[in-house]
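Peer 1: sequence first, predicted coordinates after that:
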Amino acid sequence: MSSTTPSPAWQALEAHRDEIAHLRAEELYAADPGRGPAFTFACAGLVVDFSKQRMTAATLERLVALARERDLPGAIERLFTGQRVNNTEDRPALHTALRGDERVMADGEDVLAQVQRCRERMRMFAAAVREGNWKGATGEPVRHVLSLGIGGSYLGPRLAVEALSAVADGPEVRFVANVDPAALDDALAGLDPASTLVVVASKTFTTQETMANASAARRWITASLGEEAVARHMVAATANAAEAGRFGIPECNVFPFGEWVGGRFSVWSSVGLPVAIAVGMPAFERFLAGAHAVDIAFRSAPLEKNVPFLLAATGVWNRNFLDIPVHAVLPYAQRLASLPGYLQQLEMESNGKRVGADGGILPWPTCPAIFGEAGTLGQHAFYQWLHQGTGEVSCDFVVVARAMGRRGEEHAVLLAHALAQSEALMTGRSTGNPHRDCPGNRPSSTIVLPALEPAALGALVALYEHKTFAQGVLWGVNPFDQFGVELGKAIAGRILPALTGESPPLHAATDHLLGVIGRAAGGGPAR
């Protein structure tokens with residue numbers, strides 16, 4: 001059966017949706033005193049409450065039937081055993097091997113041995129930097145790390161460093177992704193090249209934005225310390241060691257990872273080196289261990305209790321059967337403020353596709369639009385729209401049980417707001433005044449972390465990774481390619497010469513806009 005054909009299980013879900021369309025989540029809760037525990041599941045120390053979703057036990061049964069029809073259990077096994085699940089690029093997606101201890105062969109190579117070699121090098125280097133034994137060109141220890149990357153090479157490490165700031169006792173890490181020169185200028189403000197280490201993270205080592213920033217950072221170092229200083233102040237995390245060498249980074253400063261690591265799944269690899277330097281390798285390994293615990297659960301738990309699958313299935317139910325096109329991620333933890341942005345790339349780049357893995361045009365929507373903000377900031381920005389907007393939005397609340405700062409009273413206020421918003425989205429309010437009424441019945445799940453510490457963070461990120469993979473299987477797409485990203489890059493390559501004085505042939509619309517920009521700048525590339 002084609003992955004682009006509505007199947008019997010899919011059609012059964014559509015019929016079921018029509019049968020329960022009149023039910024509200026609040027009514028389901030009132031009718032079943034045991035609904036909360038029945039729809040709450042634990043995974044790797046995290047707890048996820050699905051009880052405010054507009055679904056019943058029968059809904060879950062039909063979603064499990066869809067997963068079995070799509071052979072999700074077989075797909076999970078193929079993912080973990082190094083088979084070529086990335087069919088359009090003909091390679092495995094073995095990011096799970098970066099955080100476990102299971103032996104896996106990919107293209108005849110023992111992946112575990114490669115991973116362990118790289119991890120040991122990361123351990124030794126991170127310790128040398130943190131303990132002051134890695135010296136710069138003038139003998140100064142490293143006091144600042146400048147991490148250059150984009151996409152997953154930026155979003156993952158930044159999320160981890162920010163989330164684990166309470167245990168970050170190493171050199172300060174600053175991140176730059178945007179090719180906007182002001183971004184690098186701002187990051188370099190107050191830094192001394194003599195005590196700064198630059199980590200360049202790029203799978204291909206050809207990504208335009210990252211390499212432009214890397215070249216600028218190199219000039220900043222060499223202008224002050226000379227060309228020979230590069231070997232003491234620049235290292236690389238990449239799958240293309242040869243290209244890093246051509247850039248001028250010595251082989252001993254290159255921390256390689258395999259082609260089977262996708263960029264948005266790469267924080268577990270040497271791309272996570274800035275994290276290891278910030279928090280220490282023992283904490284980074286606890287981060288890996290939390291993710292590995294989710295890997296084990298995803299691979300072994302029955303679908304009926306498999307939390308990554310249930311998160312995925314709930315999202316498919318909301319997107320495809322309740323026609324909810326937008327999903328909000330609402331972390332009630334300021335240190336998780338980067339989580340929505342991280343998940344935008346993880347989910348929308350993975351599953352934002354209109355063509356199935358078999359090449360057919362899909363007859364159903366795939367990934368919803370994802371956005372979010374840390375609570376309680378979002379409450380004063382877009383929650384009005386969540387409660388009274390004309391369209392529906394599904395939500396994930398992410399809360400941390402134990403206080404993340406020294407003041408327990410404020411943490412209690414934070415938790416009160418998270419629980420209140422979750423309840424209010426479900427129940428709504430009827431006052432007789434249409435301006436004050438809220439329709440409610442907005443579905444949400446709540447993910448509870450016991451504490452914001454390395455293992456829990458690793459589990460949280462891996463939970464969403466496997467949700468994304470499972471949704472790709474249910475929708476019939478390959479979540480590991482991103483060909484749509486390439487179009488704009490190719491066009492930018494044709495436009496760039498026009499901005500540097502040449503006259504290449506351009507689309508009339510682009511040529512017009514270049515003229516507008518040039519005149520606004522007082523000259524420049526007007527055409």
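Peer 2: Arrived safely, thanks for sending. Keep in mind that what you see is a predicted model, and the values were worked out from it rather than measured.
Peer 1: buried ones in the host helix or strand of Leu513?
Peer 2: Here Leu513, judged by DSSP states H and E, is contained in helix 508-520. Buried residues in helix 508-520, counting neighbours by 16 or more other C-beta atoms under 10 Å, are found at Asp511, Leu514, Gly518. In this view, the C-beta of every residue, glycine as well, is placed from N, C-alpha and C.
Peer 1: if I look at the last one, how far off is Gly501?
Peer 2: With distances taken as C-beta to C-beta, to the nearest Å, Gly518 is found 11 Å from Gly501.
Peer 1: now do Gly440
Peer 2: In terms of C-beta to C-beta, Gly440 sits 60 Å off from Gly501.
Peer 1: for Tyr154, same thing?
Peer 2: 31 Å.
Peer 1: looking at these two, which is more packed in?
Peer 2: Higher neighbour count among Tyr154 and Gly501: Tyr154, with 26 against 8, using other C-beta atoms under 10 Å.
Peer 1: and the pLDDT at that one?
Peer 2: The model reports Tyr154 with a pLDDT of 98.
Peer 1: tally of neighbours for the nearest residue to it once chain neighbours are set aside?
Peer 2: Nearest residue to Tyr154, sequence neighbours excluded (C-beta to C-beta, 6 or more residues apart in numbering): Ala177, at 4.0 Å. Burial measure for Ala177: 20 neighbouring residues, criterion other C-beta under 10 Å.
Peer 1: next, give phi and psi for Ala177.
Peer 2: Backbone torsions of Ala177, given as degrees, to the nearest 10, read phi -130, psi -40.
Peer 1: which residues does Tyr383 contact?
Peer 2: Contacts of Tyr383 were listed using C-beta atoms under 8 Å, 6 or more residues apart in numbering, and they are Gln421.
Peer 1: isn't Ser195 right up against Val145?
Peer 2: No: contact status for Ser195 versus Val145: not in contact, 10.3 Å apart, counting by C-beta atoms under 8 Å.
Peer 1: between those two, what contacts are shared?
Peer 2: In contact with both Ser195 and Val145: no residue, using C-beta under 8 Å, 6+ apart.
Peer 1: more neighbours: the two, which one.
Peer 2: Legend: neighbour count by other C-beta under 10 Å for Ser195 and Val145, higher for Val145 (23 against 16).
Peer 1: give me the distance between that one and Gly432.
Peer 2: For Val145, the distance to Gly432 equals 59 Å [C-beta to C-beta].
Peer 1: and what of Gly152?
Peer 2: Relative to Gly432, Gly152 is positioned 50 Å away (C-beta to C-beta).
Peer 1: more neighbours: which of these two?
Peer 2: Neighbours per residue, other C-beta under 10 Å: of Gly152 and Gly432, the larger number sits with Gly152, 24 against 6.
Peer 1: OK, contacts around the residue of the chain most remote from its centre?
Peer 2: Residue distances from the centre of the chain (C-alpha atoms, centre = their mean) peak at Gly432, which lies 42.5 Å from the mean C-alpha position. Contacts for Gly432 (C-beta under 8 Å, 6+ apart) come out as none.
Peer 1: pLDDT value on it, please?
Peer 2: 94.
Peer 1: now swap in Arg232 and tell me
Peer 2: Model confidence at Arg232, given as pLDDT, is 98.
Peer 1: how about it: what's its closest non-neighbour residue?
Peer 2: Nearest one to Arg232, counting by C-beta to C-beta, 6+ apart, is Ala137 at 4.7 Å.
Peer 1: how about that neighbour, secondary structure?
Peer 2: coil (DSSP: H, G, I helix; E, B strand; the rest coil).
Peer 1: in terms of helix, strand or coil, where does Ala328 fall?
Peer 2: Here Ala328 is recorded as strand under three-state DSSP.
Peer 1: then Cys118?
Peer 2: Relying on three-state DSSP, one would call Cys118 helix.
Peer 1: so what are the domain limits for this structure?
Peer 2: Structural domains annotated on the chain: 38-69+301-428+437-475, 95-285, 484-520, as defined by automatic domain parsing.
Peer 1: show me where the stretch 301-450 of the chain has helices.
Peer 2: Ranges of helices within the stretch 301-450 of the chain are 307-316, 339-343, 350-351, 383-388, 408-427, based on DSSP state H, counting those that start in this stretch.
Peer 1: centre of the chain to the third one, how far?
Peer 2: Between the mean C-alpha point of helix 350-351 and the mean C-alpha point of its chain there is a distance of 11 Å (C-alpha atoms, centre = their mean, to the nearest Å).
Peer 1: what's the offset of the top helix by length along the chain from the middle of its chain?
Peer 2: Looking across the chain with DSSP state H, the single longest helix is helix 454-475. Distance, stretch centre to chain centre, for helix 454-475: 9 Å (C-alpha atoms, centre = their mean).
Peer 1: equivalent analysis for stretch 490-510, please.
Peer 2: Offset of stretch 490-510 from its chain centre (C-alpha atoms, centre = their mean): 32 Å.
Peer 1: and it, which residues are buried?
Peer 2: For stretch 490-510, by 16+ other C-beta under 10 Å, it's Ile495, Ala498, Leu506.
Peer 1: would CSV of these with secondary structure be doable?
Peer 2: Below are those laid out as CSV (three-state DSSP):
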residue, secondary structure
Ile495, helix
Ala498, helix
Leu506, coil
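Peer 1: just give me the closest of the residues you listed to Val271.
Peer 2: Among these, Ile495 lies closest to Val271 (C-beta to C-beta), at 29.4 Å.
Peer 1: what about the closest one, distance to Val485?
Peer 2: Going from Ile495 to Val485 by C-beta to C-beta gives 17 Å.
Peer 1: neighbours of the closest residue to Glu410 other than its chain neighbours, how many?
Peer 2: In this structure, Glu410 finds its nearest non-sequential neighbour in Ala403, 8.0 Å apart by C-beta to C-beta, 6+ apart. When counting by other C-beta under 10 Å, one arrives at 16 neighbours for Ala403.
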